[in-house]
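*Asks:* below is the sequence, then the predicted model.
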Amino acid sequence: MSLRRRLTIATGAALLAVTVTGCSGLGRSMVGTLSYETGHKFVVTVTSPSVNGCHRLAPSGATRIENNTLVDIQLYRTRDCQGEKPIYVATNSGDEIAPGTLPWRSYNVIH
């Protein structure tokens, strides 16, 4: 194989690697569904939400959640993913609030 051909192949491979790794953080999502029941007994299902940032739940909050995604999440009782004692919900599991406690109002992804 000629030197020129080897350099062309190496350059192409390097560009491909840079392109793939450069875009991997953009647009990443939680593959699967996140379903929750609101304080008004409505069921909301979100399909493959982003892994970035804080996500608000329905204004009335969530009383029960099913995490059928490929990542773990943390639930908060505030609208801004702040506060003490967030609730950890592993992938393919769920949780429900205790009677008389505040609903969850936001979540973020653990990654």
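*Replies:* Happy to help now that I have it. Numbering: from 1, shown residues only.

*Asks:* so who does the spatially most central residue of the chain touch?
*Replies:* Nearest to the geometric centre of the chain sits Val51, at 3.5 Å (CA atoms, centre = their mean). Residues counted as contacts of Val51 (CB atoms under 8 Å, 6 or more residues apart in numbering) are Arg28, Ser29, Met30, Val71, Val109, His111. All C-beta spots, glycine's among them, are computed from the backbone N, C-alpha and C.

*Asks:* how much space between the residue lying closest to Ile87 once chain neighbours are set aside and Gly100?
*Replies:* Of all residues not flanking Ile87 in the chain, Leu75 sits nearest, at 4.3 Å (CB to CB, 6 or more residues apart in numbering). Applying CB to CB, to the nearest Å, the value for Leu75 to Gly100 is 17 Å.

*Asks:* got a list of contacts for stretch 74-92?
*Replies:* 54-56, 61-62, 65, 67-73, 95, 102-108, 110.

*Asks:* tell me, how many residues neighbour the closest residue to Gly39 other than its chain neighbours?
*Replies:* Of all residues not flanking Gly39 in the chain, Ser60 sits nearest, at 3.7 Å (CB to CB, 6+ apart). As a burial measure, Ser60 scores 13 neighbours (other CB atoms under 10 Å).
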